[in-house]
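task: produce atomic coordinates for the following.
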Amino acid sequence: MSEAAPTTTTERKRKRKGQSAADRVGERVATHRKDRHLKVSELARMVGVSPSLISQIERGQSQPSVATLFALAESLEVPVDAFFMKEDAPTGAQEESKPPVVAPGANASSVAPASGPQQRYVVRADARSAISIEGGVLWERLTPETLPHVDFLELIYQPGAESNPELYRHPGTEMVLVLSGRFDIYVGFERYELGPGDSIHFPSSFPHRYVNPTDEVSRAVTVILHDGERQPPPEADQPRP
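Residues are numbered from 1 along each chain as shown. Modelled structure (predicted):
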């Protein structure tokens, strides 16, 4: 099935983001593996895949499936979004072109551009951390940094994309709200067809998978609640030199 061509500026940015994220994911996998003094063969055995697949992922020649991504995170003892890579910071001109935050009743001309606090709390649409996944899937993180108990993501599925060929499971709980298109979400022996505005909630420990069965791009927002406390690895968002 052919992939729909991006038609808007946002679509084109997301397309480029997905293309550039594949090898960068591999860099993060390799970094965390080496930090734990694991050989490729050892990590492969822990994840349950072949050493050649781990090598291909680390060299950017292959993308991990959603199931493999969760298995890598569990084996390396890092949150799954430790593999995300940030977009390049906007230029000064781009920062200055953003509209200032205006309080109700305030004169826009008298309000200074937003600075520090927004960098801690706000994620601009064109500056999200992202990860490209096997099967035509792109995850974009909707929080500036890793949070201890939760992942807040936008899922972008290309036509015919699927999270994994088989059902998979991982610790936690998932909540999904479909924004556009359609998702068929399999939980155990059940299939749930969701359209725009539909939502679902289920334990991530149940076998599940996501599929976009349409000829259009589908989008959803998901919240994944994790079991227990977790902390990001030191300098999780800083690429190694």
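
got a list of what Arg33 touches?
Val40, Leu43, Ile54, Glu58, Leu76 (C-beta atoms under 8 Å, 6 or more residues apart in numbering). Where C-beta positions appear, they are placed from N, C-alpha and C, glycine not excepted.

one more time with 6 Å
Leu43 (C-beta atoms under 6 Å, 6 or more residues apart in numbering).

looks to me like it is in a strand.
No - with DSSP: H, G, I helix; E, B strand; the rest coil as the criterion, Arg33 is located in helix rather than a strand.

look at Glu216 and tell me its secondary structure.
Glu216 ends up coil, using three-state DSSP.

pretty sure it contacts Gly181?
Yes - contact status for Glu216 versus Gly181: in contact at 5.3 Å, counting by C-beta atoms under 6 Å.

when these two are compared, which one has more neighbours?
Under the criterion of other C-beta atoms under 10 Å, the comparison of Glu216 against Gly181 puts Gly181 first, with 20 against 12.

for the more buried one, give me phi and psi.
phi 80, psi -150 (degrees, to the nearest 10).

make residue 1 into 204 and carry on from there
Yep, numbering from 204; the last one is Gly384 now.

mind checking how far it is from Leu272?
22 Å (C-beta to C-beta, to the nearest Å).

and for Val381?
21 Å.

okay, those two: which has more neighbours?
Leu272 (27 against 22).

quick one: contacts of the helix or strand encompassing the more buried one?
If you go by DSSP states H and E, Leu272 is part of helix 269-279. Residues from elsewhere that reach helix 269-279 (C-beta under 6 Å, 6+ apart): His235, Met249, Val250, Val283, Ile336, Ser366, Asn367, Tyr371, His373.

now do the fourth one against Ala274, distance only.
This points to Val283. 10 Å.

which residues touch the residue nearest the centre of the chain?
Taking C-alpha atoms, centre = their mean, the centroid of the chain lies closest to Trp342, which sits 2.8 Å from it. With contacts defined as C-beta under 6 Å, 6+ apart, the neighbours of Trp342 are Ile334, Leu356.

who does it bridge with?
Using DSSP bridges, the bridge partners assigned to Trp342 are Ile334, Leu358.

quick one, helices of this structure?
In the chain, the helices defined using DSSP state H lie at 212-238, 243-250, 254-261, 269-279, 295-300, 319-324.

what's the neighbour count on Arg227?
Arg227 has 18 nearby residues by other C-beta under 10 Å.

what sits closest to His404 if chain neighbours are left out?
The shortest distance from His404 to any non-neighbouring residue, by C-beta to C-beta, 6 or more residues apart in numbering, is to Met378 (4.8 Å).

ok, the one you found touching Val424?
No - using C-beta under 6 Å, Met378 is not in contact with Val424; the gap is 8.8 Å.

these two touch, right, Ala233 and Arg262?
No - in this structure, Ala233 is not within contact of Arg262 by C-beta under 6 Å, at 8.6 Å.

and the two? which has more neighbours close in?
Ala233 (18 against 12).

tell me which helix or strand in this structure has the weakest average pLDDT.
Ranking every helix and strand in the chain by mean pLDDT, DSSP states H and E puts helix 295-300 at the bottom, with a mean of 38.
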